[in-house]
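Chemist: Sequence first, predicted coordinates after that:
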Amino acid sequence: ECQPCPVNTYKDNINQSTCQPCPIENPSTGQLIGATSINQCLSRLIWDCGSNNTGFYELTDSCTIKIGNHIEVVNTLDIMGNNVNMSNLTTITAASGHRHFYINGYNAKLVLRYIKLVDGGTTSCCSSNVGGSIRIDSGGGELNLYSSILFNNKGYDGGAIYAYGDSNNRKKVKVNIYDSSLNSNVASSSRYGGSLYLHGSTVMINNTIFDGDNVNSVANNAGHGGSMYISSSDVNIHNSNIINHNTTNRGGAMYITSNSNVNILRTIIKNNQVTTTSYSSSNYGGGAINVNYQNSITIRETSFISNIASNNRGNEILTYGSSAFISIINTHFNNGNTDPNLFYESNGNAVWKTCSSASPNVCDINETYCKSINNKNSKLGVSCSSLCPVGAYCIQERMHVCSPGTYNNVTGQTSITACKKCEKGKYNFLEG
């Protein structure tokens, strides 16, 4: 496994086998690890929660923002905490009733490493109070969070982060979150996005925990989208946990709408809930995910566990309208074969991709074999594999599923003899 270059070194060529030392005449104080350019061998000044809004800084002591408002980022503002222990990060507390940072310019970039942002914002009406910790406005900008925590922030929309870009130019606003935690953040109980409000944005989230803390002190994280509200955005969520959120009406974990493209990979979505028992709106529900109208959703190698729609409209996924395209691959649904309220379709039927779906193929190019998880319920998705899957045998890359009354629990089988008859006292009424 490759390790990041240590402090005071850099590596700017993939063919180099070692990291180069920073120049002696340009010693670094608190320079980032993993530097990819000599330009990152920068001396860092000490940031003290004052008005400095551009440059490279080290935060040596926890502090409260002093200017009685947010810090408006100009060009690049890069702040690194001096403690890499995630249990003891250097903390920035917002000025009372205000967010921490504001971004509104195409060249504005905020980079935070090993920083904890706490107690930002308010859920009070209205648009001036969106983005409890960080707000990116329509002028554009970029946010990069590395190994940081956003905790106990509140916004009218977007309890932690509010990003409002251009649906026709989604790269104008970029949000990248790596190895971080967003915990106990809330939006107004009738509004959108407990942690994230994303519109017209390009977003990458990796190895990050979203914890709504509904098991302790938080009643509802939002009205719609307990963890995140996604509208007209391109969003990738990899290797993350989205857990313990309560939402009043739509999408215990996520509310996805308005022609968004969302890819979810190797993520756990667990213990999220829509709390309403009302049927007054036909798209209330979706204990984990609520998909509204035309969107493209790909979910791969992900687990859905113990999510609840209190009105019984899709404990895991609710779709509204007939123009959503959903691909579910190698994904586990707790009680997938026994819960009749796992999925709910309202005002039309979504397109649930199957092995026979037209281009693009539901499986990756290196996955030769595709098999329905349950022939009785296509919404549970497919199994894609480079080996012939269990429940089937394969001859010359053509798969044949075992017939009802037989089974095969071993991959890579090449003969019909792999399909064995069920033992006495046992049965199997499904193919494969």
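Modeler: Received, thanks.

Chemist: so where is the stretch 1-150 of the chain shaky, pLDDT-wise?
Modeler: 1, 24-32, 39, 42-43 (pLDDT under 70).

Chemist: 50 instead, please
Modeler: The model of the stretch 1-150 of the chain has pLDDT under 50 over residues 25-30.

Chemist: ranges for the helices of it?
Modeler: With helices called from DSSP state H, counting those that start in this stretch, the stretch 1-150 of the chain shows none.

Chemist: cool, and the stretch 251-400 of the chain?
Modeler: Under DSSP H, counting those that start in this stretch, the stretch 251-400 of the chain gives no helices.

Chemist: my guess is residue 370 contacts residue 383, does it?
Modeler: Yes - between residue 370 and residue 383 a contact is recorded at 7.3 Å, counting by CB atoms under 8 Å. Quick note: C-beta positions are derived from backbone N, CA and C, even for glycine.

Chemist: OK, contacts around the closest residue to residue 9 other than its chain neighbours?
Modeler: Excluding its sequence neighbours, the residue lying closest to residue 9 (CB to CB, 6 or more residues apart in numbering) is residue 19, at 3.9 Å. Residues near residue 19 by CB atoms under 8 Å, 6 or more residues apart in numbering: 5-6, 9-11.

Chemist: Quick one, which of those are buried?
Modeler: Buried members of the contacts of residue 19, counted by 16 or more other CB atoms under 10 Å: 5, 9-11.

Chemist: Would you mark the buried spots in stretch 256-267?
Modeler: Buried residues in stretch 256-267, defined by neighbour count with 16+ other CB under 10 Å: 256-257, 260-262, 264-267.

Chemist: ends of that stretch, how far apart?
Modeler: One end of stretch 256-267 sits 17 Å from the other (CA to CA, to the nearest Å).

Chemist: What lies in contact with it?
Modeler: 167, 199, 229-242, 254, 289-303.

Chemist: Just to be sure, which of those residues are found in strands?
Modeler: 199, 229-231, 234-238, 241-242, 254, 289-292, 296-300, 303 (DSSP state E).

Chemist: Tell me the helix or strand right after the one helix or strand residue 174 maps to.
Modeler: Assessed by DSSP states H and E, residue 174 sits inside strand 173-178. Later in the chain than strand 173-178, the nearest helix or strand by DSSP H and E is strand 181-183.

Chemist: how far out from the middle of the chain is the next helix or strand after that next one?
Modeler: Using DSSP H and E, the helix or strand that follows strand 181-183 in sequence is strand 186-187. Its chain's C-alpha centre and that of strand 186-187 lie 17 Å apart, by CA atoms, centre = their mean, to the nearest Å.

Chemist: ditto for stretch 204-220
Modeler: Taking CA atoms, centre = their mean, one finds stretch 204-220 lying 11 Å from the centre of the chain it belongs to.

Chemist: Excluding its own residues, what touches that stretch? List them.
Modeler: So stretch 204-220 is contacted by 175-186, 189, 194-195, 221, 226-228, 235-248, 253, 271-273, 275 (CB under 8 Å, 6+ apart).

Chemist: Separate out the buried members of these.
Modeler: Buried among these (16+ other CB under 10 Å): 175-186, 189, 194-195, 221, 226-228, 235-238, 240-248, 253, 271-273, 275.

Chemist: what's the burial count for residue 106?
Modeler: 11 (other CB atoms under 10 Å).

Chemist: Residue 171 too?
Modeler: Other residues near residue 171 come to 13 when the count uses other CB under 10 Å.

Chemist: which residues does it contact?
Modeler: residue 202.

Chemist: From residue 240, how far off is it?
Modeler: Residue 171 is 22 Å from residue 240, where distance means CB to CB, to the nearest Å.

Chemist: ok now do residue 135, which residues does it touch?
Modeler: 70, 99, 101-103, 158, 161-163.

Chemist: Show me the residues you listed that map onto strands.
Modeler: Per DSSP E, the contacts of residue 135 map to strands at 101-103, 161-163.

Chemist: Where neighbours are concerned, which of these has the most?
Modeler: residue 161 (32 neighbours).

Chemist: surely residue 306 meets residue 273?
Modeler: No - with contact defined as CB under 8 Å, residue 306 does not reach residue 273; the gap is 9.1 Å.

Chemist: For residue 323, grab the count of nearby residues.
Modeler: When neighbours are defined as other CB under 10 Å, residue 323 has 15 of them.

Chemist: surely it meets residue 293?
Modeler: Yes - here residue 323 reaches residue 293: they are 5.9 Å apart, a contact under CB under 8 Å.

Chemist: Give me the distance between the two termini of stretch 282-299.
Modeler: Stretch 282-299 has an end-to-end distance of 24 Å (CA to CA).

Chemist: Now do it, average pLDDT.
Modeler: Mean pLDDT, computed over stretch 282-299, is 95.

Chemist: how about stretch 298-306: buried residues?
Modeler: With burial defined by 16+ other CB under 10 Å, the residues of stretch 298-306 counted as buried are 298-300, 302, 304-306.

Chemist: With stretch 196-210 instead?
Modeler: So, applying 16+ other CB under 10 Å, buried residues of stretch 196-210: 196-203, 205-206, 208, 210.

Chemist: would you list the residues you listed in a markdown table and tack on pLDDT and secondary structure?
Modeler: Listed next are the buried residues of stretch 196-210 as a markdown table, based on pLDDT from 0 to 100; DSSP: H, G, I helix; E, B strand; the rest coil:
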| residue | pLDDT | secondary structure |
| --- | --- | --- |
| 196 | 98 | strand |
| 197 | 98 | strand |
| 198 | 98 | strand |
| 199 | 98 | strand |
| 200 | 98 | coil |
| 201 | 98 | coil |
| 202 | 98 | strand |
| 203 | 98 | strand |
| 205 | 98 | strand |
| 206 | 97 | strand |
| 208 | 98 | coil |
| 210 | 98 | strand |
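
Chemist: I'd like these as JSON lines, with distance to residue 403 appended.
Modeler: Formatted as JSON lines, the buried residues of stretch 196-210 follow (distance: CB to CB, whole Å):
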{"residue": "196", "distance to residue 403": "47"}
{"residue": "197", "distance to residue 403": "50"}
{"residue": "198", "distance to residue 403": "47"}
{"residue": "199", "distance to residue 403": "50"}
{"residue": "200", "distance to residue 403": "50"}
{"residue": "201", "distance to residue 403": "49"}
{"residue": "202", "distance to residue 403": "47"}
{"residue": "203", "distance to residue 403": "45"}
{"residue": "205", "distance to residue 403": "43"}
{"residue": "206", "distance to residue 403": "42"}
{"residue": "208", "distance to residue 403": "44"}
{"residue": "210", "distance to residue 403": "43"}
